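# Need a 3D model of the sequence below.
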Amino acid sequence: MNTAIIHEWLVTLAGAESVLQSIYKLYPGTIYTLFHDPDGVKGAPFADAPIYMSMLQRLPLARKHHRAFLPLYPMAIEQFDLRDYELVISSSYAVAKGVLTSSDQLHICYCHSPMRYIWDLTFQYLEASGLTRGLKSFIVRAIFHYIRLWDASSAIRVNEFVANSHYIANRIRKCYNRQATVIYPPVDVDKFSVSDTKGSYFITMSRFVPYKRIDLTIRAFNELGLPLVVVGDGPARKQLEKLAGKTITFTGYLPEDKLNDCMKKARAFIFSAEEDFGIVNVEAQAAGVPVIALGRGGALETVVKDKTGIFFYRQDVPSLIAAVKQFLSKESTFDPQVIRKNAEQFPRERFEKEFKRFVDEAWERFPYKKS
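Next comes the predicted model:
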């Protein structure tokens, strides 16, 4: 099958790019993306693939500030000429699913999430950005309205949806009125190991963007006075560092060996976001570390209550503090090997086997092949 792979942007290596790595391995082809920063994805298995960028790539500051061009995404994604391909696979969490295809092309979308900030996280995003009122708020709300209409209507361009969790399958049904098959994303569990010794600190890891709620975690640990290691980086870093007290340490992104060492010696992993799947929750468990997570979204599918972690159900500081205190009261009951075994359900090999079977079966029953 002559294959095109559509991915929103290639500027960093995160969970979506891990999925792209396996998709490209299974169906090597041409990659189309809105933005491409070769330095940001250096060393990735798909880095040497033929990659075509959108016209937005040529705009000033596009690599570093690609999110600022959101209003232009729908038009830009529609400009890719995919007529020469039989199979189109989109890896989508924004607009990749909106590419134009014809009736004799099979388009399969692996959906990481419908766009969070234009659907169920709209008001949280506006509040976090200080856009609850005024002219700027009106303009952003108008842009979101336009993109919401486009996003819903472009869903009909996809032949088959695959969701990364049952939580996202439900969101696809609600936002697009489409059914989706659930195939959990790949997690490199073997990159993490269990330690017999533990440090005194807790750990969290994330991109520093508003919906990840690292601010909530920091506020809770400021009050608790317990040591917290914060791994990651992002546009909100300066704000978070100002918020952090003396017991909070920022490391930036860590290389693989240092991340494994830091993770496996932590007492528990803190996760305050409502996430689609939460690869990082599984990585923590792969290191034998219990997870203290918000009891919403994909965490409910990857963390086993009171066996591999503890849930809190309100996204606020008092609830997280209560969950940490609950963890401290039963910390000795968590078995690192049991926690590790739970993570072993989500290996990369499982994703690749299930995704290949799904795509090949969809291709077999597709009646309008070009050849």
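# And the strands in the stretch 151-300 of the chain?
160-163, 180-182, 202-207, 228-233, 248-252, 269-271, 291-294 (DSSP state E, counting those that start in this stretch).
# Now do the fourth one and strand 248-252, the angle between them.
Interaxial angle, strand 228-233 versus strand 248-252 (axes from the mean of the first three to the mean of the last three C-alpha atoms, to 10 degrees): 30 degrees.
# still on that earlier bit, can you add mean neighbour count and give the strands of the stretch 151-300 of the chain back as CSV?
Backbone N, C-alpha and C define where each C-beta goes, glycine included. Formatted as CSV, those follow (neighbours: other C-beta atoms under 10 Å):
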stretch, mean neighbour count
strand 160-163, 23
strand 180-182, 18
strand 202-207, 23
strand 228-233, 20
strand 248-252, 15
strand 269-271, 26
strand 291-294, 26
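# want to try CSV for the ones you listed, with distance to Tyr32 and mean pLDDT as columns?
Formatted as CSV, these follow (distance: least, C-beta to C-beta, whole Å; pLDDT from 0 to 100):
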stretch, distance to Tyr32, mean pLDDT
strand 160-163, 19, 98
strand 180-182, 22, 98
strand 202-207, 23, 94
strand 228-233, 27, 95
strand 248-252, 31, 95
strand 269-271, 32, 97
strand 291-294, 34, 98
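# Dump those strands into TSV; add distance to Lys242 as well.
Shown next, in TSV, are the strands of the stretch 151-300 of the chain (distance: least, C-beta to C-beta, whole Å):
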stretch	distance to Lys242
strand 160-163	37
strand 180-182	40
strand 202-207	17
strand 228-233	13
strand 248-252	11
strand 269-271	20
strand 291-294	24
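# low-scoring stretches of this structure, by residue?
371 (pLDDT under 70).
# The biggest helix by length in the chain - contacts with which helices or strands?
Secondary structure of the chain per DSSP state H: the longest helix is helix 135-154. Packing partners of helix 135-154 (3 or more C-beta pairs under 8 Å, 6 or more residues apart in numbering; DSSP states H and E): helix 73-77, helix 122-128, helix 166-176.
# ok now it, how far from the chain's centre?
Centre-to-centre, helix 135-154 and its host chain are 22 Å apart (C-alpha atoms, centre = their mean, to the nearest Å).
# tilt between it and helix 166-176?
Using the same axes, to 10 degrees: helix 135-154 against helix 166-176 is 100 degrees.
# Tell me where this structure has helices.
So, for the chain - with DSSP H - the helices run 15-26, 73-77, 122-128, 135-154, 166-176, 214-224, 237-243, 256-264, 279-286, 299-302, 317-330, 336-343, 348-365.
# Go through those and pick out the most buried.
Most buried of the helices of the chain, by mean neighbour count (mean count of other C-beta atoms under 10 Å): helix 279-286, with a mean of 27.
# Which other helices and strands does that helix contact?
By 3+ C-beta pairs under 8 Å, 6+ apart, helix 279-286 packs against helix 15-26, strand 202-207, strand 269-271, strand 291-294, helix 299-302, helix 336-343.
# Pop the domain breakdown of the chain in here.
Per automatic domain parsing, the domain ranges recorded for the chain read 3-186+348-365, 189-343.
# how deep is Pro38 tucked in, by neighbour count?
12 (other C-beta atoms under 10 Å).
# dump the residue contacts of it.
Ala47 (C-beta atoms under 8 Å, 6 or more residues apart in numbering).
# Next up, phi/psi of it, please.
phi -60, psi -30 (degrees, to the nearest 10).
# same check, this time on Val41
phi -120, psi 20.
# For it, list the residues it contacts.
Counted by C-beta under 8 Å, 6+ apart, Val41 has contacts Leu10, Val11, Thr12, Leu13, Glu17, Ala47.
# Could you check how far it is from Leu10?
5 Å (C-beta to C-beta, to the nearest Å).
# Name the residues contacting each of those two.
Joint contacts of Val41 and Leu10 (C-beta under 8 Å, 6+ apart) are Glu17.
# one step back: of the contacts of Val41, which is the nearest to Lys136?
Nearest to Lys136 out of the contacts of Val41 is Val11 (C-beta to C-beta; 25.4 Å).
# Now Phe46: closest residue in space, sequence neighbours ignored.
The shortest distance from Phe46 to any non-neighbouring residue, by C-beta to C-beta, 6 or more residues apart in numbering, is to Tyr24 (4.3 Å).
# My guess is the one you found contacts Pro45. True?
Yes: using C-beta atoms under 8 Å, Tyr24 is in contact with Pro45, at 6.5 Å.
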